[in-house]
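Q: any chance you can model this:
(one chain, ligands or ions: 1)
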Amino acid sequence: MIVVTGASGLLGGALVRRLRDRGEQVVTLVRRAPRGPDERFWQPAEGVLDPQALDGARGVVHLAGAPIAERRWSEAYKRELVGSRVDSTRTLVGALRELPRRPEVLVSASGVDFYGDTGDRVVDEGAGKGRGFLADLCGRWEGEAREAETLGMRTAQLRTGLVLSGQGGSLGRMLPLFRMGLGAPLGTGRQYWSWISEDDWVGATLHVLERPELSGPVNLTSPSPVTNAEFTRTLGKVLRKGTLPMPVPGFALGLGLGEFARALLAGHRVLPRKLEDSGYGFAHTDLDTALRAVL
Ligand SMILES: NC(=O)c1ccc[n+]([C@@H]2O[C@H](COP(=O)([O-])OP(=O)(O)OC[C@H]3O[C@@H](n4cnc5c(N)ncnc54)[C@H](OP(=O)(O)O)[C@@H]3O)[C@@H](O)[C@H]2O)c1
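A: Purely as a prediction, here's the structure:
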């Protein structure tokens, strides 16, 4: 049995479907009244989770967190972004502590934002934490998840890049403009975006779950990050739409999106060293093929 949090989300939904297709029993932690025998109630922000909900699990995958890109980042919302991740992880680890027989592994979400703006520099899991709100958020989130190591559990933190999904997420938010031929590079367009197809994200997460030798941070990105300008060109080509020649200036993005604009202008040239070294075979290694598969 695998326990999944954030299961109603883009990635949680895709993971739960794949696990169940493979015949795995999945229990999801829900923040509303449970609707069936495979759901258990928790209040992640309030520290409420009956340890019995985790009893018998061989692994826990923790994906819950308030959406990063859906609202402007007021100070209150920034507290929610952090709290929904850090407090929920603490709640989970607290319940794991109470269990006499614990799952083998806690796989917990994080992001390539951990590395901060890396510019053109290529980074793998050996790189240190960068600067900025999201880097700090990821650092605290990962630190809380690693507490489960003190319980004798294996932990892995999924430093996920931009997940390409046909069901929504960041790509879903970009599509309407691109479909009108209004896609354009952001800022200089030279910042690297590390992407991964949804199919590979699910495959890599299962790989991490099953591989006892994988622990600590694991980059969930394709081996071929591209610049934002190349991403823009490729998406326009796949949709058979032109893109605007003029980039959207950074200051205009800032006016429209507030502090979140910094996340879009930051470069992450991240390589999936641990996935590759442990033999994970990517389904999609080039952006054109991945976008065609997803769209
Ligand atoms: N998608 C990406 O490209 C990407 C990239 C890097 C990192 N990540 C991280 O990976 C995780 C999953 O991503 P996703 O795209 O599936 O996110 P998502 O679609 O926004 O889903 C996240 C889930 O978290 C739960 N949630 C929402 N607000 C919450 C709150 N205030 N407190 C506690 N739980 C809350 C919800 O599940 P329930 O209603 O079922 O509780 C929600 O469905 C997230 O933590 C995200 O930051 C995603």
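Q: average pLDDT for stretch 106-119?
A: If you average the pLDDT over stretch 106-119, you get 97.
Q: what are the buried residues along it?
A: Using 16 or more other Cβ atoms under 10 Å as the test for burial, stretch 106-119 gives 106-118. Yep, even glycine has a C-beta here, placed from its N, CA and C like the rest.
Q: and the nearest residue to Thr89 once chain neighbours are set aside, how many neighbours?
A: Ranked by Cβ to Cβ, 6 or more residues apart in numbering and with sequence neighbours excluded, the top spatial neighbour of Thr89 is Glu144, at 4.0 Å. If you count neighbours by other Cβ atoms under 10 Å, Glu144 ends up with 20.
Q: related to what we said a few turns ago, need the max-distance pair from the buried residues of stretch 106-119.
A: In terms of Cβ to Cβ, these reach their longest pairwise distance at Leu106 and Asp117, which sit 28.8 Å apart.
Q: how much space between Gly119 and the ligand?
A: In this view, Gly119 and the ligand are 19 Å apart by Cβ to the nearest ligand atom, to the nearest Å.
Q: how about the helices of the protein, start to end?
A: 10-21, 75-98, 133-146, 169-179, 198-210, 228-238, 250-257, 261-265, 273-277, 287-294 (DSSP state H).
Q: and the first one with helix 198-210, angle?
A: Note on geometry: by axes from the mean of the first three to the mean of the last three Cα atoms, to 10 degrees, helix 10-21 and helix 198-210 are set 70 degrees apart in direction.
Q: mind checking pLDDT for Leu177?
A: 93.
Q: contact partners for it?
A: Going by Cβ atoms under 8 Å, 6 or more residues apart in numbering, Leu177 touches Gly183.
Q: what's the closest non-adjacent residue to the closest residue to the ligand within the stretch 1-150 of the chain?
A: For the stretch 1-150 of the chain, the residue closest to the ligand is Gly9, as judged by Cβ to the nearest ligand atom, at 2.1 Å. Once flanking residues are discounted, Gly9 sits nearest to Leu63: 6.1 Å by Cβ to Cβ, 6+ apart.
Q: how far away is Asp87 from Gly59?
A: Distance from Asp87 to Gly59, counting by Cβ to Cβ, to the nearest Å: 22 Å.
Q: count the residues that sit near the residue nearest to Trp201 when sequence neighbours are not counted.
A: Using Cβ to Cβ, 6+ apart and skipping the chain neighbours, the partner closest in space to Trp201 is Val163 (5.1 Å). Number of residues near Val163 (other Cβ under 10 Å) recorded here: 24.
Q: confidence score at Val163?
A: Looking at Val163, its pLDDT reads 98.
Q: wouldn't it be in contact with Asp199 here?
A: No - at 9.9 Å, Val163 does not count as touching Asp199 under the criterion of Cβ atoms under 8 Å.
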